[in-house]
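Undergrad: After the sequence you'll find the predicted model.
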Amino acid sequence: MIYKPTGKDILQLFIPAVLLLSCFGINAQGPVSRHVSITDVDSGWSGNSVNAVVFRKNSLVSFGDTQFISFYDAKGFVVLGKRKAGEKNWQLNKTGYTGNIKDAHNSISIMVDGEGYLHLAWDQHNNSLNYCKSKEPLSLEMSEKIKMTGIAENSVSYPEFYKMPGGDLMFLYRDGGSGRGNLVVNKYNIRTGQWSQLHNNLIDGERQRNAYWQACVDDKGIIHISWVWRESPDVASNHDMCYARSTDGGATWERSTGEKYNLPVTAATAEYALSILQKSELINQTSICTDGNGSPVIASYWREEHSSIPQYHIVYKKKGQWQVQDLGFRRTAFSLSGAGTKQIPVSRPQVVAWSKGKKTCVAMIFKDEERGSKVSVAWKKNINSKKKWKVIDLTLKPVGAWEPSYDTELWKKEHKLNLYLQYVKQADAEGVSDVLPQMVQVLEWKP
């Protein structure tokens, strides 16, 4: 299915889209629709946002010329798929594994290691680890459920895979509940085919709070983590933005200045990129990336003290100092409070950054009811300029409670953005909506 805007849509979207695509290094001659395409995969569960939450690492992932996808079907079975680059048809495998699709925390995460084996974690929210890997490289046939290390695997939430430049994998998850969990870091060695635990408590909430993190691995293999603290299960208790990085594959960690942390990191020892008060509508689990120089760029949203309207923000470093930009285009107030998955008018954002000469381009992908709940992008072709952020839409139809997740490995390799796309509807506090299964799709930005 190709995105085909009307003549009126072209007039509204063409000029800003040309500017954005030129920042991507894309030849923007001709209609905007040539640069965005949407491919159908199959129908999937849509009664809540479990298939389309921002913390899926990953929903899509590429290895060589093969791209993989994962999602829950209408009955809660894990479905895996793959296709060759440029193809529209997907080969699908409905596995025998199921998840609690009524809890939007229990998403699926996948990654392919340097040998081509697909790794899968699913259905995690304060329960025992669910993990397996493919029987052969590039296969959709999965092993029986297996342990990783057997250590601290009884109360797992938010499983996330990250690939190192040499092909090894990192696996991050929370051990324990909201407000009292620890960040566990495991590492997979492709030479031995074994997992080892590097840290059972990298960031310690001291049983008073826990870290809600976002992470990335840059081209040099440096692991970057930023996080907010939460004092209780109530999302309103989120506060502050902290940062750490590892230059040796996760063994040791340091501040952005290079000063080593004594582990575990605590509220007293963390580097604070930005101070943000509780009850500021600060959201947890958003995104971090790096620019062409390996400098961190963080996206989130919160409300400034003088305002009732939560705005998207970009936090980044310039000349050794943390900076923050308020994107400032939102006009609608809302408030975050309570436990569980919330029904919120905006999505958590994804952010990507790249260099163009001496300039750093930044694009933030999001959804906002103000814009008709479409897939939207806010972008700036020079993060250090004083110009306002430009905002465009990539879809004409609404996506409900969708949040962006993308193929991180394809982005690293080719700077092509492939987004998991599906209309979903989220009721407040783990409610289930009466929505029929909706088509799972992949939105592609093509040069």
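TA: Now that the structure is in, tell me what you want to look at. Numbers count the residues shown, from 1 in each chain.
Undergrad: other SSEs contacting the helix or strand where residue 196 lies?
TA: If you go by DSSP states H and E, residue 196 is part of strand 194-199. Judged by 3 or more C-beta pairs under 8 Å, 6 or more residues apart in numbering; DSSP states H and E, strand 194-199 is in contact with strand 182-189. C-beta: built from backbone N, CA, C; applies to glycine.
Undergrad: For the strand it packs on, give me every contacting residue.
TA: 113, 119, 148-149, 152, 168-176, 194-205, 210-211, 213, 249-250, 264 (C-beta atoms under 8 Å, 6 or more residues apart in numbering).
Undergrad: For it, buried residues please.
TA: Judged by neighbour count using 16 or more other C-beta atoms under 10 Å, the buried positions of strand 182-189 are 182, 183, 184, 185, 186, 187, 188.
Undergrad: That strand: partners in the sheet, and parallel or antiparallel?
TA: According to DSSP bridges, strand 182-189 forms sheet pairs with strand 169-175 (antiparallel), strand 194-199 (antiparallel).
Undergrad: Adding distance to residue 49, write those strands out as a markdown table.
TA: Formatted as a markdown table, the strands paired with strand 182-189 follow (distance: least, C-beta to C-beta, whole Å):
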| stretch | distance to residue 49 |
| --- | --- |
| strand 169-175 | 19 |
| strand 194-199 | 29 |
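Undergrad: contacting residues around the next helix or strand after the strand holding residue 196?
TA: As assigned by DSSP H and E, the chain's next helix or strand after strand 194-199 is strand 210-217. Applying C-beta under 8 Å, 6+ apart, the external contacts of strand 210-217 come out as 55, 160, 162-165, 170, 172, 174, 176-183, 203, 205, 223-230, 238, 242, 284-290, 298, 408.
Undergrad: and those, which are buried?
TA: Among the contacts of strand 210-217, the ones that count as buried by 16+ other C-beta under 10 Å are 55, 160, 162-164, 170, 172, 174, 176, 178-183, 203, 205, 223-230, 238, 242, 284-290, 298, 408.
Undergrad: From those residues, which land in helices?
TA: Judged by DSSP state H, helices contain the following of the buried ones among the contacts of strand 210-217: residue 408.
Undergrad: Tell me how far stretch 51-68 lies from the chain's centre.
TA: Offset of stretch 51-68 from its chain centre (C-alpha atoms, centre = their mean, to the nearest Å): 10 Å.
Undergrad: ends of that stretch, how far apart?
TA: 15 Å (C-alpha to C-alpha, to the nearest Å).
Undergrad: Stretch 52-63 too?
TA: Counting by C-alpha to C-alpha, you get 22 Å between the two ends of stretch 52-63.
Undergrad: Also stretch 50-68?
TA: Stretch 50-68 has an end-to-end distance of 18 Å (C-alpha to C-alpha).
Undergrad: Buried ones in that stretch, by neighbour count?
TA: By neighbour count on 16+ other C-beta under 10 Å, the buried set for stretch 50-68 is 50-63, 66-68.
Undergrad: Filter the contacts of strand 210-217 down to just the ones in strands.
TA: Cross-referencing the contacts of strand 210-217 against strands under DSSP state E gives 160, 162-163, 170, 172, 174, 182-183, 223-230, 238, 242, 287-290, 298.
Undergrad: Show me the shaky parts of the stretch 1-150 of the chain.
TA: Applying pLDDT under 70 to the stretch 1-150 of the chain picks out residues 1-34.
Undergrad: just the helices in it please.
TA: Here the stretch 1-150 of the chain has its helices, by DSSP state H, counting those that start in this stretch, at 7-23.
Undergrad: Could you report the pLDDT at residue 408?
TA: You'll see residue 408 listed with a pLDDT of 97.
Undergrad: for it, what are its contacts?
TA: By C-beta under 8 Å, 6+ apart, residue 408 lies in contact with 57, 58, 61, 163, 216.
Undergrad: State the pair within those residues that is farthest apart.
TA: Largest separation among the contacts of residue 408 by C-beta to C-beta: 61 and 216, giving 14.0 Å.
Undergrad: nearest spatial neighbour of residue 121, skipping sequence neighbours?
TA: Leaving out its chain neighbours, the residue that sits closest to residue 121 by C-beta to C-beta, 6 or more residues apart in numbering is residue 159, at 3.8 Å.
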